[in-house]
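S.K.: Give me a model of this one.
(one chain, ligands or ions: 1)
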Amino acid sequence: MARLVVVSNRVADPSQAVAGGLAVALGDALHATGGLWFGWSGAIAEGGAPGEGALHVQQAGNVTLATVDLCEQDHAGYYLGYSNSVLWPVFHYRLDLARFDAGYIGAYRRVNQLFARQLMTQLLPDDIIWVHDYHLIPLAAELRAMGCTQRIGFFLHIPLPPQPVLAAIPQHEWLMRALFAYDLVGFQTEADLLHFSRYVQAEAGAEDLGQHRFRAFSRTVQAGAFPIGIDVDEFAALTHAKSAIDMYKHMKHEYGRRKLLLGVERLDYSKGLPQRLRAFQALLKKYPENLRSATLIQVASPSREDMGTYTDLLQELEGLCGAINGDFGELDWMPIRFMHRNVARECLPGLYRVARVALVTPLRDGMNLVAKEFIAAQDPADPGVLVLSRFAGAAAQLKEALLVNPYDTDGTADAIQRALQMPLQERQARHQKLLENIRTQDVHWWRKKFLQALGEAGRT
Ligand code: ADQ
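M.R.: Numbers count the residues shown, from 1 in each chain. Here you go, the predicted structure:
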């Protein structure tokens, strides 16, 4: 059986305690055949030279972890720069937030070359290589240039925008051409796949060979949609473990008289947090029966704090929360509890389970796993309601959620009110369908489907 090599910007040690659904799924796959996980160590080497980075190899059971350090300059240009100031905003349709600094691309390319060079020293002839996410788009092209002939697949965790948005990136042709060095390119949704197909035909004159196979630049690539799921069983087990039950009981005790609404995400402008707070404000104005009753707990974990757009967002949110709490709050009731921190993963299911309504309202999201975790954590006999943005990849699957347009403040407020008022029978029926869906298309299904397609991708 071929060995699996996973490459991602960050690497998780699969022998450590649960680090999240994706880490679990990839860890499982790596364990099954023995494997290699390759990526950035997370360390910034002081005084290191650009394009250079020491390789660290360690064994975790039958999985080899191989990581590379980056120097300050490469971290700034590759990670903070090109990946998170160009690709992240543009792929989330936010041209207004993109910073097309001419210096970034060199570092992005340099780090991908460094990864390729170091990875080449670790590869075996029959390896199957699975590359993850926007940080590493040109990795296969760099590997091919160094003589790598192994099968290579790529999965994009974030959305792929339509052609006119993508074409705003000065290096868009180079980036999309690089995708043709892979044997399989996977997206989260059919919509992303359609954007890819339209782009390559319009901009690269690709020939459509049918079944999402495209030929351009003398290469053929197979594309596909592989919506990522969560490990439902792992999450259900977490829900019934002590930490989650303690969290549930504690919150029930503290907020027993209130109707709890919950938002959980990384603090990121793609997640639509200011729009959500305004919709909650509109709910309190339009439906005053919620005063002294509805409480929004918003947890936003710190993310990319060394970037200005993220600190601006934090300030905006703190301002909005202060204004809403100041306008509507009472001595014994604060409408919003805003926490800028992480919740321990083992406590998260308890928080999901105590909420009457989850607000998952990104302006754009590749998939959104919080929506799926919320469903998995509910009590089927008395489930909470999911209010979900139509612009999350998950909306294509989770049709029984209350789908909203997060830019429509009043419409979102109405949907929240409907969620708060929803009769038990309707909640149960919707939840049952949602649960079936995330169970059928869970993270193991996603991984198997991708790896099977990669194994079958014809190579020319
Ligand atoms: P993210 O943008 O990080 O992922 P998401 O899919 O929701 O978004 O995953 C976040 C994960 O982090 C979840 O497992 C969640 O429980 C956890 N998390 C978030 N905030 C937390 C907090 N405050 N405390 C504790 N845990 C928290 C990217 C893409 C998504 C895509 C995933 C997977 O942006 O669109 O769904 O990758 O492909």
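S.K.: which element follows the helix or strand containing Ala415 toward the C-terminus?
M.R.: With secondary structure defined by DSSP states H and E, Ala415 is part of helix 409-421. In the C-terminal direction, the helix or strand that comes right after helix 409-421 (DSSP H and E) is helix 424-440.
S.K.: quick one on the thing from earlier: next, the residues that contact the helix holding Ala415 from outside, please.
M.R.: Residues outside helix 409-421 that contact it (CB atoms under 8 Å, 6 or more residues apart in numbering): 259, 261, 275-276, 278-280, 282-283, 286-287, 290, 294, 356-357, 359, 361, 385-387, 402-406. Where C-beta positions appear, they are placed from N, C-alpha and C, glycine not excepted.
S.K.: Likewise for stretch 358-365?
M.R.: With CB under 8 Å, 6+ apart, stretch 358-365 has contacts from 92-94, 159, 261-265, 269-272, 275-276, 279-280, 296, 352, 368, 370-371, 374, 384-389, 391-394, 404, 406-407, 412, 416.
S.K.: Please parse the chain into its domains.
M.R.: The chain breaks down into these domains under automatic domain parsing: 4-229+443-456, 232-439.
S.K.: can the ones you listed go into TSV with extra columns for mean neighbour count and mean pLDDT?
M.R.: Formatted as TSV, these follow (neighbours: other CB atoms under 10 Å; pLDDT from 0 to 100):
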stretch	mean neighbour count	mean pLDDT
domain 4-229+443-456	19	93
domain 232-439	19	96
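S.K.: got a markdown table for these, with distance to the ligand too?
M.R.: Written out in a markdown table, the entries for the domains of the chain read as follows (distance: least, CB to the nearest ligand atom, whole Å):
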| stretch | distance to the ligand |
| --- | --- |
| domain 4-229+443-456 | 4 |
| domain 232-439 | 3 |
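S.K.: Might you report the residue contacts of Lys285?
M.R.: Residues counted as contacts of Lys285 (CB under 8 Å, 6+ apart): none.
S.K.: Go again with 10 Å.
M.R.: For Lys285, the set of contacting residues under the criterion of CB atoms under 10 Å, 6 or more residues apart in numbering consists of 291, 327-328, 410, 413.
S.K.: which element is it on?
M.R.: Element membership for Lys285 (DSSP H and E) is helix 273-286.
S.K.: Just the CA coordinates for that helix, please, in CSV.
M.R.: Only the C-alpha atoms of helix 273-286 are listed here, as CSV (Å, rounded to 0.1, in the frame of the first residue of the first chain):
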residue,chain,number,x,y,z
LEU,A,273,-19.1,39.5,13.1
PRO,A,274,-20.0,43.2,13.0
GLN,A,275,-23.0,42.3,10.7
ARG,A,276,-24.1,39.7,13.2
LEU,A,277,-24.0,42.1,16.1
ARG,A,278,-26.0,44.6,14.1
ALA,A,279,-28.6,41.9,13.3
PHE,A,280,-28.8,41.1,17.1
GLN,A,281,-29.2,44.8,17.8
ALA,A,282,-32.1,44.9,15.2
LEU,A,283,-33.7,41.8,16.9
LEU,A,284,-33.8,43.6,20.2
LYS,A,285,-35.3,46.7,18.6
LYS,A,286,-37.8,45.0,16.4
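S.K.: List phi and psi for the residue of the chain most remote from its centre.
M.R.: Note on the chain: the largest separation between a C-alpha and the mean C-alpha position, by CA atoms, centre = their mean, falls on Leu331 (38.3 Å). Backbone geometry at Leu331, expressed as degrees, to the nearest 10, gives phi -60, psi -40.
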